[in-house]
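Colleague: With the sequence up front, the predicted model follows.
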Amino acid sequence: MQNTTQTRPETFLIWSDEIENGRIDVEYQRSYYKNAFIALTKSKFDIVNLGDIADIFQGVGKNETEDMGLTLLKVKNITTRGKIDYTETEFVKNVPQRKILGEGDIISPFIGEAVKLVKFAVFSNTKGKKFTVDNNIGVIRLAKDKAIPTYIAYYLMSDFGKKQIEQLIGGGGVPFLGSANAGKLKIILPPINIQKVITGIIEKGKEEINRLLEASQKILTSIDNFVLGELGIELEKEKEEITFEIENYDIEGRFDPFFYKPYLKRMAEQVKKQRNFLLGNAIDDMAGGATPKVTEDFYLDEGGVPFLRVQNITERGIDLSDVKFIKPEVHNTMLKRSQLKKSDLVFTITGRIGSVAVVPDNFYGNINQHSVRIHLKEKVNNTGILPEFIAAFFNTKIGRNLSFRYTTGGTRPALDYEALKSLTVPLPSVEKQKKIIAGVKTMYGKAKRLREEAENLITTTHEEVKNMIFPEKQSTFN
């Protein structure tokens with residue numbers, strides 16, 4: 001479900017002596033942030049301003065002058081996992097001595113949309129080079145006897161820091177944290193030895209969480225090779241093909257270059273070498289969805305009929321984590337034609353084109369205009385066809401690319417009904433289809449369990465750290 005914490009209507013009153021930092025914008029003064037700060041103060045350790053324990057400044061501007069050559073880091077070099085990517089850097093001259101990065105300096109975006117991502121990374125110069133950052137990045141240089149850089153970086157990327165940064169950069173316009181605002185961030189500051197323990201807990205948790213997530217991703221990326229391998233189709237690595245030519249006898253009634261990319265043609269030829277069928281020959285019934293006007297009384301906040309959008313149609317099936325609802329009477333009248341039935345394929349035709357999910361048993365739902373509902377025949381060319389197999393094929397890289405190959409529309413591509421029907425699908429035996437379905441289900445199951453393990457570990461690590469910072473049974477920052 002969507003997080004509506006910040007969007008629900010509020011009415012509140014503040015007195016003139018409660019105004020902080022000269023900010024009179026409503027968003028800054030919301031009780032949502034005040035309550036977060038109150039929870040923060042319930043820590044059993046001291047709370048200090050970041051500016052009291054650190055020198056904070058922004059990176060080099062255009063007019064800085066001092067003759068030295070350094071490697072320049074930009075916002076793109078700071079990853080969302082709090083690491084520094086050194087692979088794409090620039091070389092600059094004329095940098096003040098103060099702005100050369102030192103071991104343990106914390107860097108973070110201070111200007112622009114990247115500020116909202118709350119990325120803080122600790123600099124460690126293991127390559128022996130000299131580095132600096134550009135003016136969009138802030139540098140936090142801690143007093144070494146006060147705080148451990150990794151503790152402060154983790155703290156600022158946690159809920160403790162995120163809510164404060166969100167409050168400070170509010171007010172519209174280009175998001176801006178800046179040195180002055182960063183100095184106002186409230187830091188829970190345990191003794192150094194406790195900071196080391198907390199950092200150790202987080203590092204150990206992150207290492208295991210990353211291992212689990214990487215293992216999960218490795219399984220997901222292997223699904224294509226499994227499905228295509230069972231079909232006898234080789235997944236080649238795509239090459240950049242900017243210039244190519246075709247003969248006039250190769251033209252298939254289309255003149256857009258993308259359709260004739262050699263890589264796509266080779267993939268299509270591989271599918272056609274297998275026993276195959278045109279999707280249109282296997283369709284018993286097909287209907288597109290529609291989106292009722294949001295200004296009319298067609299929707300419910302919850303408890304209605306799930307109304308699937310593109311983000312709800314995934315290779316893992318129908319995802320209801322962020323779903324909208326329509327009224328049952330809308331489902332049964334104006335959208336009756338696109339009602340979903342057991343074993344229907346839901347095929348996205350605009351946006352993320354070519355994602356396919358199968359409607360499970362006892363599912364009650366409908367679709368918008370960016371998808372179509374397909375009910376398949378039981379057989380094609382005297383061979384049974386299973387919806388889960390069709391979905392498994394189209395959710396591979398080859399399946400998605402061939403779907404996209406047939407799109408039209410220029411800047412807003414779409415897969416029209418006739419193009420959809422002309423897609424070629426491999427037709428293995430029913431036994432082979434069942435083997436592929438079972439294998440894909442098993443692999444998704446393993447990947448899901450690994451992700452759940454990682455999520456549980458995130459929760460337990462978070463709780464362990466909170467228990468060290470707050471008194472037992474004390475309500476904490478959420």
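Modeller: Structure received.

Colleague: low pLDDT regions in the stretch 351-478 of the chain?
Modeller: 410, 472-478 (pLDDT under 70).

Colleague: Which parts of it are strands?
Modeller: Secondary structure of the stretch 351-478 of the chain (DSSP state E, counting those that start in this stretch): strands located at 356-358, 366-367, 371-376, 379-380, 383-384, 424-426.

Colleague: deepest of those, which one?
Modeller: Mean neighbour count (mean count of other CB atoms under 10 Å) peaks for strand 366-367 among the strands of the stretch 351-478 of the chain, with a mean of 26. Using the backbone N, CA and C atoms, a C-beta is placed for each residue, glycine as well.

Colleague: Residue 43: which of the strands of the stretch 351-478 of the chain is closest?
Modeller: strand 356-358 (45.6 Å; CB to CB).

Colleague: How about residues contacting the closest one?
Modeller: Residues outside strand 356-358 that contact it (CB atoms under 8 Å, 6 or more residues apart in numbering): 313-315, 317-318, 343-348, 387-388, 390-391, 394-395, 399.

Colleague: let's go with 7 Å and repeat that
Modeller: For strand 356-358, contacts defined as CB atoms under 7 Å, 6 or more residues apart in numbering pick out 313-314, 317-318, 343, 345-347, 387-388, 390-391, 394-395.

Colleague: Stretch 256-270 now?
Modeller: Applying CB under 7 Å, 6+ apart, the set of residues contacting stretch 256-270 is 233, 234, 238, 239, 241, 244, 246, 398, 401, 402, 405, 424.

Colleague: okay, how far is it across it, tip to tip?
Modeller: End-to-end distance of stretch 256-270 (CA to CA, to the nearest Å): 22 Å.

Colleague: buried residues in that stretch?
Modeller: 259, 260, 261, 263, 264, 267, 268, 270 (16 or more other CB atoms under 10 Å).

Colleague: pretty sure the fifth one is in a helix, no?
Modeller: Yes - according to DSSP: H, G, I helix; E, B strand; the rest coil, residue 264 belongs to a helix.

Colleague: How many neighbouring residues does the residue lying closest to residue 137 once chain neighbours are set aside have?
Modeller: Nearest residue to residue 137, sequence neighbours excluded (CB to CB, 6 or more residues apart in numbering): residue 59, at 4.7 Å. Per other CB atoms under 10 Å, the neighbour tally for residue 59 reads 21.

Colleague: Was I right to think residue 59 contacts residue 123?
Modeller: No - with contacts counted by CB atoms under 7 Å, residue 59 stays clear of residue 123, the gap being 11.9 Å.

Colleague: need the contact list for residue 71.
Modeller: Contacts for residue 71 (CB under 7 Å, 6+ apart) come out as 89, 91, 129, 130, 131.

Colleague: So residue 47 is in contact with residue 164, correct?
Modeller: No - using CB under 7 Å as the test, residue 47 is too far from residue 164 to be in contact (11.4 Å).

Colleague: which of these two has more neighbours?
Modeller: Comparing residue 47 with residue 164 by other CB under 10 Å, the one with more neighbours is residue 164, at 23 against 12.

Colleague: still on that earlier bit, give me the common contacts of residue 47 and residue 164.
Modeller: residue 186.

Colleague: Farthest pair within the contacts of residue 71?
Modeller: So, those by CB to CB: farthest apart are 89 and 130, at 11.6 Å.

Colleague: So which of these two has more stuff around it?
Modeller: More neighbours surround residue 89 than the other of residue 89 and residue 130, with 17 against 13 (other CB under 10 Å).

Colleague: all helices of the chain, in order?
Modeller: Here the chain has its helices, by DSSP state H, at 31-40, 50-53, 149-157, 159-168, 178-183, 192-231, 262-273, 328-332, 387-394, 397-405, 417-421, 430-469.

Colleague: elements contacting the second one?
Modeller: Put plainly, it is helix 50-53. On a contact count with 3 or more CB pairs under 7 Å, 6 or more residues apart in numbering; DSSP states H and E, helix 50-53 meets helix 178-183.

Colleague: and the helix it packs on, which residues are buried?
Modeller: Under 16+ other CB under 10 Å, the buried positions of helix 178-183 are 181, 182, 183.

Colleague: Which strands or helices does that helix pack on?
Modeller: Helix 178-183 packs on helix 50-53, strand 54-58, strand 137-142, going by 3+ CB pairs under 7 Å, 6+ apart.

Colleague: for the ones you listed, which one sits closest to residue 471?
Modeller: That would be, of the helices and strands packed on helix 178-183 and by CB to CB, helix 50-53, which comes in at 23.4 Å.

Colleague: hmm, who's touching the closest one?
Modeller: Contact with helix 50-53 is made by 56, 140, 142, 143, 146, 147, 182, 183, 184, 185, 187, as judged by CB under 7 Å, 6+ apart.

Colleague: residue contacts, the first one?
Modeller: Counting by CB under 7 Å, 6+ apart, residue 56 makes contact with 50, 138, 140, 179, 182, 183.

Colleague: what's the distance between the closest residue to it other than its chain neighbours and residue 51?
Modeller: Of all residues not flanking residue 56 in the chain, residue 179 sits nearest, at 4.5 Å (CB to CB, 6+ apart). Residue 179 is 8 Å from residue 51, where distance means CB to CB, to the nearest Å.

Colleague: how far does stretch 125-134 sit from the chain's center?
Modeller: From the chain centre to the centre of stretch 125-134 is a distance of 30 Å (CA atoms, centre = their mean, to the nearest Å).

Colleague: And for it, what's in contact with it?
Modeller: Here stretch 125-134 has contacts from 59-60, 68, 70-74, 92, 95, 99-101, 103, 107, 123, 139, using CB under 7 Å, 6+ apart.

Colleague: buried residues in it?
Modeller: Buried residues in stretch 125-134 (16+ other CB under 10 Å): 125, 131, 132, 133, 134.

Colleague: Quickly note the distance from the residue nearest to residue 154 when sequence neighbours are not counted to residue 392.
Modeller: In this structure, residue 154 finds its nearest non-sequential neighbour in residue 202, 5.2 Å apart by CB to CB, 6+ apart. From residue 202 across to residue 392, the span is 39 Å (CB to CB).

Colleague: When these two are compared, which one has more neighbours?
Modeller: residue 392 (26 against 22).

Colleague: tell me, how many neighbours does the residue nearest to that one when sequence neighbours are not counted end up with?
Modeller: Leaving aside its chain neighbours, residue 392 sits nearest to residue 440 (4.9 Å; criterion: CB to CB, 6+ apart). Residues near residue 440, counting by other CB under 10 Å, number 22.

Colleague: Surely residue 440 touches residue 393?
Modeller: No - contact criterion CB under 7 Å: residue 440 and residue 393 do not qualify, at 10.0 Å.

Colleague: Overlap in contacts, those two.
Modeller: residue 227.

Colleague: circling back: residues contacting the residue nearest to residue 154?
Modeller: 154, 461, 465.

Colleague: could the contacts of residue 56 go into JSON lines alongside pLDDT and distance to residue 377?
Modeller: Listed next are these as JSON lines, based on pLDDT from 0 to 100; distance: CB to CB, whole Å:
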{"residue": "50", "pLDDT": "96", "distance to residue 377": "65"}
{"residue": "138", "pLDDT": "94", "distance to residue 377": "62"}
{"residue": "140", "pLDDT": "96", "distance to residue 377": "64"}
{"residue": "179", "pLDDT": "93", "distance to residue 377": "67"}
{"residue": "182", "pLDDT": "94", "distance to residue 377": "63"}
{"residue": "183", "pLDDT": "95", "distance to residue 377": "68"}
